[in-house]
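Student: My questions are about this predicted structure, shown below with the sequence.
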Amino acid sequence: MMPAPASAARAEPARPPAPEALPGQYAGWLAARGRGNRCFADGAAGFLRRWPDPQSFAAEPLEVMLAQDQQTRPFITFLLLHDLLRPGYDYLAERKFASLVELARGTRLEPDLDGYQQAAAELGFSPHVCSRSAERVITRLLIQAGRPLRDLAAADLRDAEAAFRARGERRNGDWSNDRGFLHAAWTVLFHLGIIDVTPPNRRRHDHAGHAHHFGGVPAWLAARLEDYTSAISGTHEPTTMEGIAIRLAHFGRHLASIDPGLDSLSGLDRERHVETYLAATAVARAVRGGQPIGAGEQRNRIITLGRFLADIAEWEWPDAPARRLVFTRDIPKLPRPLPRYLPADADRLIGEALQDSPSRLFADALLLARATGLRIGELRDLELDCVHEVPGAGAWLKVPLGKLGSERMVPLDDDTVALIDRIAATRSPGRPMTHPKTGRPAEFLLTHFGKRVSDQTLRDELARACQAAGLPKATPHQLRHTWATALINAGCSLQALMAMLGHTSAAMSLRYARLFDSTVRADYERALAQAKTILTVPSPGGEAMLPVTDITGGNIDWKDTPLIKSRLAGGYCLRTAAQGSCAYANICEHCPSFRTGAAFLPVLAAQRADTEALIADAEARGWGEEATRHRRLLERLDERMAQTEAS
């Protein structure tokens, strides 16, 4: 179908036949449905006596229109379905019909209703939503607009939305069912190409500007904050602007509570206004849940305030404070926790729960995040052509612009490619949607019911999987941490990890390297083995325990320890048997460039004596290779000492 124009003209009701002809047509319509009696005929006659022109009925108050009795209402339905009456959306929203879609059989509405329900089913909507959205929304749109489905416009949907919302407000504010059916209808019409506007987000309210965030802020300050947010909105993402407005509003409400008489930004004082705000921020609690805000939020509130004051001073606002009020030392330092990866058992259980999930699209999306380390925003922004086959280099995933504003390529294995193919087969089809960042049409990989999968939907699915696995809730970002941790444990280089994670600095990736440092582990095992060898008291289980006392001193001779030992000119080297001998031990003595002199003969003699002791120790322990290594050193020392004495 061709898209509708921006605003389609509303059709006038058809010119009704002569009043004397309508009762006969009505009787035939009833008879075709196996209905009709004298009461229905009397109801139609009474209606026509009062409103000879059926459209004049629409001018009556809503209460009068809804007050028609059960003998008259079938005749009104007949008029609606035959384009003889446009009663207005208020009436259509309030009026209950019995099987309106079935009553429309044989009228001009039937083909459009059938086509709509078929398209809704192709998008993945359940049979219940297909039929109910057709009956509750589409039929009413076709009746009131008086145009075929292909000529409906977004304005028609907004008019119907206003009527459904008003009905909900008259009924204690609940219009969730109608809102859901309206959203489904809007989605189907968009993907049919009838409407060019994507359906509005049901969880968000559209606001012009950010003034709605400044509740409780003095009017003069709210106006200045609105000026500021308007000035910077061109260089910030909408979500960033929301955060800035909310954090500035916290400062505004603080000023209202401690200094109601303040009427200008130029009157701000460091001690009275800013320092008290810093103290209040340190103990602030979240609006939802009441838990203390984290260090990150404390930091963001103070940075936002400092940036606001610095900007208006730089812009030379006439009411900007004369001196700097927020300093770098006011910003709390962030803790440096290690990435919160999932332990191996938890990772396995959650993976199994996702594999068994009936919500295949959402579960597979989370499995893809676990297999590629994507952020949740990057996951949602993946497009249908995100997999690139490179000859000789395998399959790669093109990750769209994300948190740090950079694209990247992530290598894929065969299992992950198969997973993406499964997602592509499960997603709902439809026309491209406007990309929120670029504004261009894009075919997103994760679509459900004709719209993009939300991050909350993915979080809910992960929470369900955790519950099924008997584990506490996890976040999608932990899947990214788990992926990166597994790679670093497997020996992935820092440079490769940085590229695959999309990090712009090595410091960001080094957080994962600090998790399991192989050098730290090797040093720990060497020290632990050495400590256990000198412990004479076994543990209750019969194993040696790590001693509490200092093991570096005492009267223990290093040559008697059951370790791999090397005598150096200026000391000695000790390594565990698991580590083996050091490749660099005594490398200098064996080097052709090694030189010595008469002054070093006592040192070489002491080294030779200890080397003889190490040969005996190695032979006593059955360490043939160690004994041979020490003999080579002994021969080299004898050679050098003989040359020195001869010269």
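Tutor: The structure has been received and is ready for your questions.
Student: From Leu66, how far out is Leu30?
Tutor: 22 Å (Cβ to Cβ, to the nearest Å). Placement of C-beta: from N, CA and C, glycine included.
Student: neighbour-wise, which of the two wins?
Tutor: Comparing Leu30 with Leu66 by other Cβ atoms under 10 Å, the one with more neighbours is Leu30, at 18 against 14.
Student: what's the nearest residue to that one if we skip its chain neighbours?
Tutor: What sits nearest to Leu30 in space, not counting adjacent residues and going by Cβ to Cβ, 6 or more residues apart in numbering, is Gly36, at 3.5 Å.
Student: wait, isn't that neighbour in contact with Pro23?
Tutor: No. The pair Gly36 and Pro23 does not pass the contact test of Cβ atoms under 8 Å, sitting 10.9 Å apart.
Student: quick one, what contacts the spatially most central residue of the chain?
Tutor: In the chain, the centroid-proximal residue (Cα atoms, centre = their mean) is Ile376; its distance is 3.2 Å. Counting by Cβ atoms under 8 Å, 6 or more residues apart in numbering, Ile376 touches 369, 455, 458-459, 476-477.
Student: What's the separation between it and Ala442?
Tutor: 18 Å.
Student: Could I get the average pLDDT for stretch 293-312?
Tutor: For stretch 293-312, mean pLDDT is 94.
Student: what's in contact with it?
Tutor: 228, 232, 243-244, 247-248, 250-251, 265, 268, 274, 277-278, 281-282, 284-286, 319-321, 324-327, 330-335.
Student: shared neighbours, Gly36 and Pro23?
Tutor: Counting by Cβ under 8 Å, 6+ apart, nothing touches both Gly36 and Pro23.
Student: Can you tell me which of the contacts of Ile376 is closest to Val129?
Tutor: The closest of the contacts of Ile376 to Val129 turns out to be Leu458 (Cβ to Cβ; 21.3 Å).
Student: State the pLDDT value of the closest one.
Tutor: Reported pLDDT for Leu458: 95.
Student: That one contacts Ala365, correct?
Tutor: Yes. Under the criterion of Cβ under 8 Å, Leu458 makes contact with Ala365 at 6.0 Å.
Student: So between the two, which is more surrounded?
Tutor: Each of Leu458 and Ala365 has its neighbours counted (other Cβ under 10 Å); Ala365 has more, 29 against 21.
Student: In contact with the more buried one, which residues?
Tutor: Contacts of Ala365 by Cβ under 8 Å, 6+ apart are 379, 423, 446, 453, 458, 461.
Student: How about Trp317?
Tutor: Leu265.
Student: same thing with the one 4 residues further on?
Tutor: Listed by Cβ under 8 Å, 6+ apart, the contact set of Pro321 reads 265-266, 268, 309, 313.
Student: which residue ranges form the strands in this protein?
Tutor: For the chain, the strands defined by DSSP state E occupy 387-390, 394-399, 408-412, 433-434, 441-442, 447-448, 451-452, 564-568, 571-575.
Student: give me every residue that touches Pro292.
Tutor: Going by Cβ under 8 Å, 6+ apart, Pro292 touches 283-286.
Student: let's go with 10 Å and repeat that
Tutor: By Cβ atoms under 10 Å, 6 or more residues apart in numbering, the contact set of Pro292 is 282-286, 298.
Student: Pick out the most distant pair among those.
Tutor: Largest separation among the contacts of Pro292 by Cβ to Cβ: Ala282 and Ala286, giving 14.1 Å.
Student: Run through the neighbouring helices and strands of the helix of greatest length in the chain.
Tutor: If you go by DSSP state H, the chain has its longest helix at helix 624-646. Judged by 3 or more Cβ pairs under 10 Å, 6 or more residues apart in numbering; DSSP states H and E, the packing partners of helix 624-646 are strand 564-568, helix 601-621.
Student: Show me what counts as buried in that helix.
Tutor: 626-627, 629-631, 633-634, 636-637, 640-641, 644 (16 or more other Cβ atoms under 10 Å).
Student: for stretch 213-222, same thing?
Tutor: 213-214, 217-218, 221-222.
Student: wait, which of these is closest to Val390?
Tutor: The closest of the buried residues of stretch 213-222, once distances to Val390 are taken by Cβ to Cβ, is His213, at 46.8 Å.
Student: what touches both of Leu458 and Ala365?
Tutor: By Cβ under 10 Å, 6+ apart, the residues touching both Leu458 and Ala365 are 376, 379-380, 446, 476.
Student: Looking at those residues, which are in helices?
Tutor: 376, 379-380, 476.
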